[in-house]
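Asks: here is a sequence with its predicted model. Questions after.
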Amino acid sequence: MESKKHLYIPVKTLDADDFIEGIGILELAICGVSLVIILIISVILAKIFINNLVGIGFAIFSTIVTVSIIRRDSSNENLIQKIFIILRFIRKQKIYLFERNGEEIS
């Protein structure tokens, strides 16, 4: 008699190697490029406002925002991909108008 083996499907298996959870090679490269741009802008802001605290504050805030936007979650999507999914969903929705006793109901 044949023994039946169950198919094992692993849960939450990511398709990329991550250095830190949600941050792989691509995300690290994007964060590195954005960090260079952020540092240049923060130095310019510090010179314009003649205050280093403005530049440091901008650098910290921008770095936190960049990492939170780029980082992937357990479903392997980042914030930008989720926004595109929501926009695509909203565009595909159909609105059906119904009439009852001459008035329109949506």
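Replies: Good, I have the coordinates.
Asks: list the contacts of the longest helix seen in the chain.
Replies: Counting by DSSP state H, the longest helix found in the chain is helix 25-49. For helix 25-49, the external contacting residues (C-beta atoms under 8 Å, 6 or more residues apart in numbering) are 16-17, 19, 23, 52, 54-56, 58-59, 62-63, 66-67, 70-72, 78. Glycine gets a C-beta too; all of them are placed from N, C-alpha and C.
Asks: mind doing that once more with 10 Å?
Replies: Contact partners of helix 25-49, identified using C-beta atoms under 10 Å, 6 or more residues apart in numbering, comprise 16-20, 23, 51-63, 65-67, 69-72, 78.
Asks: write a PyMOL command that selects only the buried members of those residues.
Replies: Buried residues within those, by 16 or more other C-beta atoms under 10 Å, are selected in PyMOL with:
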select buried, resi 23+55+58+59+62+63+66+67+70+71+72+78
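Asks: rewinding a little: and after the longest helix of the chain, which helix or strand comes next?
Replies: Downstream of helix 25-49, the next assigned helix or strand under DSSP states H and E is helix 52-70.
Asks: so for the following helix or strand past that next one, what's the average pLDDT?
Replies: Next helix or strand after helix 52-70 toward the C-terminus (DSSP H and E): helix 79-92. Helix 79-92 carries an average pLDDT of 89.
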